[in-house]
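Participant: kindly return the folded structure for what I paste below:
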Amino acid sequence: MKIKHLLLFTASALVLLSSCGQNMTGSSKMESELDSLSYMLGADVGKSIKGASFEEINYETFIQGIIDAFEEKDLQVNEEDIKPFIQKYITELRDKKMIINLEEGKAFLAENKTKEGIITTESGLQYEIITEGTGKSPVPTDFVKCHYHGTLIDGTVFDSSVDKGTPMDFGVSKVIPGWKEGLQLMKEGAKYKFYIPTELAYGQKIRPGGPIQPNMALIFEVELIEIKAPEQKEN
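Facilitator: As a prediction, this is how the structure comes out:
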């Protein structure tokens, strides 16, 4: 998360404090438009903090920091230290989480590969055949139409054409390495389940706004509906 977004927390929360009289206990009542606005700003602040991967916040000192800044009191820290400290903290959290994600993914895949029906390729991709196809297999220059359902290893759904009710068209060469390899193992009409290690997925890339974090292993159930030649991609 960009540091400037973190610095917006204080500005948003100030409205919440001023309109609620600093009463932070119990449920807030929506008796006016200002109440609604204040609560929404507070909710937005909370989601932003959670989205930055903070696992916990000391509410009392957080609010005190807002009050001190708003009332122009002497801060209990050096103002020039604020941005570097927050950025350092975020980086350390991210690095720690990356290690955890990598270890959890490796442990999951190590156990998964021992299960009946799981096939592991030389690259480390794991897959199981749900339904075998009878058509041809795609090559990297092809475009394909697929249904897919993507989850984290804990079952959290992050994307699903199945849930959306509309299959997707895309180039075989344009997807993550695990998909690119896996699709070429399939035939038209097949449905496979891919278990993709992080190095064949998104690796250490940061994907804002979603549940996929750096170093996560991913699971996709994929149905290869149709193979299209490149000139048919717009059809």
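Participant: surely Val162 is in contact with His147?
Facilitator: Yes - counting by CB atoms under 8 Å, His147 is a contact partner of Val162 at 5.4 Å. Bear in mind the C-beta positions are built from the backbone N, C-alpha and C, glycine included.
Participant: show me which of these two is the more surrounded one.
Facilitator: When neighbours are counted by other CB atoms under 10 Å, His147 comes out ahead of the other of Val162 and His147, with 18 against 15.
Participant: need the three-state assignment for the more buried one.
Facilitator: At His147 the chain is in strand, as set by DSSP: H, G, I helix; E, B strand; the rest coil.
Participant: dump the residue contacts of it.
Facilitator: For His147, the contact set (CB atoms under 8 Å, 6 or more residues apart in numbering) comprises 161-162, 167-168, 222-223, 225.
Participant: one more: Thr156?
Facilitator: Pro211.
Participant: what's the distance between it and Gly171?
Facilitator: Thr156 sits 27 Å away from Gly171, taking CB to CB, to the nearest Å as the criterion.
Participant: what's the answer for Asn215, then?
Facilitator: 26 Å.
Participant: the two: who's more crowded?
Facilitator: Between Asn215 and Gly171, Asn215 has the larger neighbour count (other CB under 10 Å), namely 22 against 16.
Participant: for Gly203, grab the count of nearby residues.
Facilitator: Gly203 has 15 nearby residues by other CB under 10 Å.
Participant: surely it touches Pro214?
Facilitator: Yes - counting by CB under 8 Å, Gly203 does reach Pro214; the two are 7.2 Å apart.
Participant: quick one: low-confidence residue ranges for the chain.
Facilitator: 1-28, 51-53, 209, 231-235 (pLDDT under 70).
Participant: for this structure, what spans make up the helices?
Facilitator: Taking DSSP state H, the helices of the chain run over residues 3-20, 33-51, 59-70, 79-112, 161-164, 177-183.
Participant: which strands and helices sit next to the longest one?
Facilitator: With contacts defined as 3 or more CB pairs under 8 Å, 6 or more residues apart in numbering; DSSP states H and E, helix 79-112 has these neighbours: helix 3-20, strand 191-196.
Participant: I'd like to check the angle between that helix and strand 191-196, please.
Facilitator: 130 degrees (axes from the mean of the first three to the mean of the last three CA atoms, to 10 degrees).
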